[in-house]
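J.: Sequence and predicted model, in that order:
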Number of protein chains: 2
Amino acid sequence: MQKTEQDPAPTQYLVTKYLSDVKSRVDACIFDFLPTAHEHPDVHKLYQMMLDYPRRAAKGLRPALCMLMCEAFGGDTERAVNTAASLELLQNWLLIHDDIEDGSELRRGEPCLHRKHGIPMAINVGDALHCKMWEMLHRNTEILGHELTFRILSEFIQLSNQVVEGQHIELSWVNDNRWDLDENDYLTMCILKTAWYTCITPCRVGAIIGGASETEIDGLVELGKEIGIAFQIQDDVLNLIGDVGRYGKEIAGDISEGKRTLVLIHLIDACTPAEAQHVVDIMARPRDEKTEAEVESVLELMQKYKSITYAQQRSKDLLQQAAKRFSQNFAHLRDGRAKQLFLSLIHFFVEREY
Amino acid sequence: MQKTEQDPAPTQYLVTKYLSDVKSRVDACIFDFLPTAHEHPDVHKLYQMMLDYPRRAAKGLRPALCMLMCEAFGGDTERAVNTAASLELLQNWLLIHDDIEDGSELRRGEPCLHRKHGIPMAINVGDALHCKMWEMLHRNTEILGHELTFRILSEFIQLSNQVVEGQHIELSWVNDNRWDLDENDYLTMCILKTAWYTCITPCRVGAIIGGASETEIDGLVELGKEIGIAFQIQDDVLNLIGDVGRYGKEIAGDISEGKRTLVLIHLIDACTPAEAQHVVDIMARPRDEKTEAEVESVLELMQKYKSITYAQQRSKDLLQQAAKRFSQNFAHLRDGRAKQLFLSLIHFFVEREY
């Protein structure tokens, strides 16, 4: 009899092992590439700041998606490492700027870069890593040749355009004090801000290097959207109920920062008008004008109205949908190991605790 | 008898006319390229913010250098417009982030972007334009083919690395409250922060598209350094004694922002220890803790010790040096009009009042 359910323990072990293997290969590429020393003491310090976020512990989910897709389509993953590393650099410069824009405090268990060195320097360090990302993508010529390098560049250009739009929508909600948002507003923002750079592009560039057909590459957009949204919802959930030691960010930081998450949108919709007013009053204030008790009271309402449970379920449903889509659309792919790992990896996206 | 000196009036007219012609061609390219409308109202607003700095009046010196160099080496300037426009996009994203980092108030006669929309949005708009710059450079494939497009990308990568280093050095001086700087420190910072993106790269990419030899392209580094430093010194001078209506920035803004300019370095070196202490005391304070009278007193000392005159002379000397270098190294170029215009243009760099 064929087993339909896998034993979760070895699956999780395989995913964790795979993630750590990919991370080692990508890190070796990044730390070989980024400059480490300069005779001018100030430039030397800039280099150390550029290494700060990349050196902090990270899961490397985006590089893993890229490498796995390359493998699933029968490609040599060695040819994808540089591109996977570029995805990690992308993540790092985005996080530096995001952390400033959101007024965050902690990132990967340490103070955000702008809390260490001030906003002006942190903006510039983000720009420096941003430039390095394009430089790294330019290096693909030696690995992939002109044509493929240009194709990968196009993919990064497309995702860059999406991510700044998603970021702008989210910042606009804060600026305009918008609370009349529904689930669709959240999903639109989330696809632009998260899904493109976290899932769609990583999968697409991996598939491109792996030699996938245009139809196959196109099929990754919808898949990546579902996985990306599921990932972001789980991230929102962990922000509320995670363990700071593992998650690495301030717990309930999204409430302090006034973030519009699916959990919050559900709560405002589900609670009484008086409670909604109470929540919005707290959420809308700047972080230093919120007490711990106030943040706690929002969290309690989220529990009371099962908004966190609702979001978790939405995340799981989306994941199921994505897994089904993947199994159907890519049934023809031969590489059983890569396919199984991909399914396990995307399950990890919503089951992770960090 | 051959005239050695040109009549300045027609020369200036030719330069102004040339600048305005190039600016029109480059602007047409930029405004054709940047997105203007989106059905999502927030993304639509992002697009308007991205158009803000590019729409403000600007001289377009960098595109002009690029186009002139292309012409001087016998190239078709039509092939250089897209690259020249990318230089203008570069300038725009750099300025948005610089203005935040320096805490500036005015840019091109209007409030800085972050004064209009807050720092978080302005960072993101800068990032959006930064991404658009690489997209524009990627479009060169259709105009220049793969090989040349990659070469131009390499040049932009090189300059990006320099400009973030220069910016970091300047920000470090502010952060570390450094006043023990000499002219060499200033020149090092200035080459990295200004000369590369203002002169060296614009000249190089123009020459590359124009078909210059590697030796000719290499010869543009030293030339671009001299012109770039001369340009920055004149910019520092205009910041102190310019006309706000023409210059478009807050007059003596560099004193408010505590900038280490050649003028200031000269002053601290030339004045008495007590006066130097007075100057540093004022310069080191945040801008909102400086009175107008205090800023004025620093300006007066700069006049007293002829620090502005000194800087102007340094700028003129560098320009002479550059003009001599250009005439010697590029005597073999046939295009008399482009060569003469180039010389007139670089003179304009230090004679300009805006």
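T.: Ah, there it is.
J.: how about the helix or strand hosting residue A:302: buried residues?
T.: Secondary structure assigned from DSSP states H and E places residue A:302 in helix A:292-304. For helix A:292-304, a neighbour-count test (16 or more other C-beta atoms under 10 Å in any protein chain shown) marks A:294, A:295, A:297, A:298, A:299, A:301, A:302 as buried. Any C-beta I mention is one placed from the backbone N, CA and C, and that applies to glycine too.
J.: residues in contact with the third one?
T.: Okay, so that is residue A:297. A:278, A:282 (C-beta atoms under 8 Å, 6 or more residues apart in numbering or on different chains).
J.: pLDDT (mean, whole number) over stretch A:82-90?
T.: What stretch A:82-90 shows for mean pLDDT is 98.
J.: typo on my end, stretch A:286-304
T.: On average, stretch A:286-304 scores 93.
J.: Name the residue of the stretch 201-350 of chain A with the shortest distance to chain B.
T.: residue A:257 (10.8 Å; C-beta to the nearest C-beta).
J.: How about that residue: what's its closest non-neighbour residue?
T.: residue A:102 (5.1 Å; C-beta to C-beta, 6 or more residues apart in numbering or on different chains).
J.: Which members of the buried residues of helix A:292-304 are the farthest-apart pair?
T.: A:294 and A:302 (13.3 Å; C-beta to C-beta).
J.: can I assume residue A:181 is in contact with residue A:262?
T.: No - at 10.0 Å, residue A:181 does not count as touching residue A:262 under the criterion of C-beta atoms under 8 Å.
J.: okay, now residue A:25: neighbour count?
T.: 18 (other C-beta atoms under 10 Å in any protein chain shown).
J.: er, residue A:133 I mean
T.: 22.
J.: what helix or strand does it sit in?
T.: With DSSP H and E as the test, residue A:133 turns up in helix A:119-138.
J.: Go ahead and name everything in contact with the helix-or-strand element of chain A with minimal mean pLDDT.
T.: Lowest on mean pLDDT, DSSP states H and E among the helices and strands of chain A sits helix A:244-247, with a mean of 76. By C-beta under 8 Å, 6+ apart, the residues outside helix A:244-247 that reach it are A:106, A:109, A:238, A:239, A:250, A:251, A:353, A:354.
J.: near chain B, which residues of the stretch 1-150 of chain A show up?
T.: A:38, A:40, A:42-43, A:45-46, A:97, A:100-103, A:117-121, A:123-125, A:127-128, A:130-132, A:134-135, A:138, A:141, A:146-147, A:149-150 (C-beta under 8 Å from any C-beta of the partner chain).
J.: where along the stretch 151-300 of chain A do the helices fall?
T.: With DSSP state H, counting those that start in this stretch, the ranges of helices along the stretch 151-300 of chain A come out as A:183-190, A:201-210, A:214-241, A:244-247, A:253-256, A:262-270, A:273-284, A:292-304.
J.: just checking, which of those sits deepest inside the structure?
T.: Scoring the helices of the stretch 151-300 of chain A by mean neighbour count under mean count of other C-beta atoms under 10 Å in any protein chain shown gives helix A:201-210 as the most buried, with a mean of 28.
J.: Name the helix or strand for residue A:29, please.
T.: Here residue A:29 is assigned to helix A:8-33, by DSSP H and E.
J.: give me the number of residues near the residue nearest to residue A:257?
T.: 21.
J.: Pull the contacting residues for it.
T.: For residue A:102, the contact set (C-beta under 8 Å, 6+ apart) comprises A:257, A:259, B:120.
J.: Throw the residues you listed into a markdown table and include distance to residue A:113, neighbour count and pLDDT, thanks.
T.: Below are the contacts of residue A:102 laid out as a markdown table (distance: C-beta to C-beta, whole Å; neighbours: other C-beta atoms under 10 Å in any protein chain shown; pLDDT from 0 to 100):
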| residue | distance to residue A:113 | neighbour count | pLDDT |
| --- | --- | --- | --- |
| A:257 | 16 | 19 | 88 |
| A:259 | 20 | 17 | 92 |
| B:120 | 15 | 22 | 98 |
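J.: residues from the stretch 151-300 of chain A in reach of chain B?
T.: Residues of the stretch 151-300 of chain A lying near chain B (C-beta under 8 Å from any C-beta): A:153-154, A:157, A:160-161, A:164-165, A:167-169, A:171-175, A:188.
J.: Tell me the spacing between the nearest residue to residue A:306 once chain neighbours are set aside and residue A:303.
T.: Counting by C-beta to C-beta, 6+ apart, residue A:270 is the residue found nearest to residue A:306 once chain neighbours are left out, at 8.0 Å. Counting by C-beta to C-beta, to the nearest Å, the separation of residue A:270 from residue A:303 is 12 Å.
J.: who touches residue A:299 in this structure?
T.: Going by C-beta under 8 Å, 6+ apart, residue A:299 touches A:240, A:252, A:255.
J.: I'd say the first one and residue A:259 touch.
T.: The one in question is residue A:240. No - with contact defined as C-beta under 8 Å, residue A:240 does not count as touching residue A:259 (10.3 Å).
J.: list residues touching both of those two?
T.: Counting by C-beta under 8 Å, 6+ apart, nothing touches both residue A:240 and residue A:259.
J.: mind listing the strands for the stretch 51-200 of chain A?
T.: Ranges of strands in the stretch 51-200 of chain A, per DSSP state E, counting those that start in this stretch, are A:106-107, A:110-111.
J.: for those strands, which one ends up most surrounded?
T.: strand A:106-107 (a mean of 20).
J.: which residues are contacting it?
T.: Here strand A:106-107 has contacts from A:53, A:56, A:95, A:99, A:112, A:113, A:244, A:248, A:249, A:250, A:253, using C-beta under 8 Å, 6+ apart.
J.: Show me which of those residues is closest to residue A:214.
T.: Nearest member of the contacts of strand A:106-107 to residue A:214, counting by C-beta to C-beta, is residue A:95, at 31.9 Å.
J.: Point me to the helix or strand that includes residue A:46.
T.: Counting by DSSP H and E, residue A:46 is found in helix A:41-55.
J.: elements contacting that helix?
T.: Here helix A:41-55 touches helix A:8-33, helix A:81-102, helix A:113-117, helix A:119-138, helix B:140-175, going by 3 or more C-beta pairs under 8 Å, 6 or more residues apart in numbering or on different chains; DSSP states H and E.
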